[in-house]
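Novice: quick check, what structure comes out for this input:
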Amino acid sequence: MTATGSCVDLAGLEELASLTAAGLRAGDRILLRGELGAGKTTFVRAMLRSLGVEGPIPSPSFTLVASYRCPGFWFHHADLYRLEGRPEELEQTGLCDLLESGDCVVAVEWAERLPECPGRVVRDVEILFAGDGLREVRIGAGNLAGDRDR
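Specialist: A predicted model of the protein is given here:
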């Protein structure tokens, strides 16, 4: 997926998430950035729903990582809001191990708190408030070190 920028309402945000989920495979990473309440968790929930996950999908703000079985892979949803981005914090959550695994998909909210971890292809998702209930969504390809289209 190449870089895109779209202004959408919440239904449109969910549709973009479903389109993003359709191309996922084990080893993919989704890095989400945006202000508090912008729609990062909504985006991940919509991806999981489109992948067939049923039942509650709570925000992992307090558990830090939630895991879901999807067809063909495990999907791990991490929320780093409560962390400061120190490497030892990430080690304690087990997130570093998940990011190094090629057997799963990992979506990380507040990805700016993730230290460099080069070489993994990802989808970078930035969600910005655009007024009138709309969000500007920018989706691009990159890697965990922040390089684009690698």
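
Novice: for the rest of this, base every contact and every neighbour count on C-alpha atoms.
Specialist: Fine.

Novice: the residue lying closest to residue 129 once chain neighbours are set aside and residue 71: what is the separation?
Specialist: Nearest residue to residue 129, sequence neighbours excluded (C-alpha to C-alpha, 6 or more residues apart in numbering): residue 135, at 4.7 Å. Distance of residue 135 to residue 71, computed by C-alpha to C-alpha, to the nearest Å: 30 Å.

Novice: identify the neighbouring strands of the strand or helix carrying residue 33 in the sheet and state each direction.
Specialist: Per DSSP states H and E, residue 33 falls inside strand 29-34. According to DSSP bridges, strand 29-34 has the following sheet partners: strand 104-109 (parallel), strand 121-131 (parallel).

Novice: what mean pLDDT would you report for that strand?
Specialist: In this model, strand 29-34 has an average pLDDT of 94.

Novice: from the contact counts, what lies against whichever helix or strand comes after it?
Specialist: Reading on from strand 29-34 to the C-terminus, the next helix or strand found by DSSP H and E is helix 40-50. Where contact means 3 or more C-alpha pairs under 8 Å, 6 or more residues apart in numbering; DSSP states H and E, helix 40-50 is packed against helix 10-22, strand 29-34, strand 104-109.

Novice: helix 40-50: how far from the chain's middle?
Specialist: 9 Å (C-alpha atoms, centre = their mean, to the nearest Å).

Novice: likewise stretch 69-76?
Specialist: 14 Å.

Novice: what are the contacting residues of that stretch?
Specialist: Defining contact as C-alpha atoms under 8 Å, 6 or more residues apart in numbering, one finds that stretch 69-76 is touched by 25-26, 48, 51-53, 65-68, 98, 103-107.

Novice: hmm, try it at 7 Å
Specialist: Stretch 69-76 is contacted from outside by 26, 51-53, 65-68, 103-107, using C-alpha atoms under 7 Å, 6 or more residues apart in numbering.

Novice: just the buried residues from the residues you listed, in ChimeraX please.
Specialist: Buried members of those, defined by 16 or more other C-alpha atoms under 10 Å, are picked up in ChimeraX with:
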select :51,53,65,66,68,103,104,105,106,107
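
Novice: residue 81: which of the contacts of stretch 69-76 is nearest?
Specialist: Residue 81 lies nearest to residue 65 out of the contacts of stretch 69-76, by C-alpha to C-alpha, at 11.4 Å.

Novice: wait, the closest one sits on residue 80?
Specialist: No - using C-alpha atoms under 7 Å, residue 65 is not in contact with residue 80, being 8.8 Å away.
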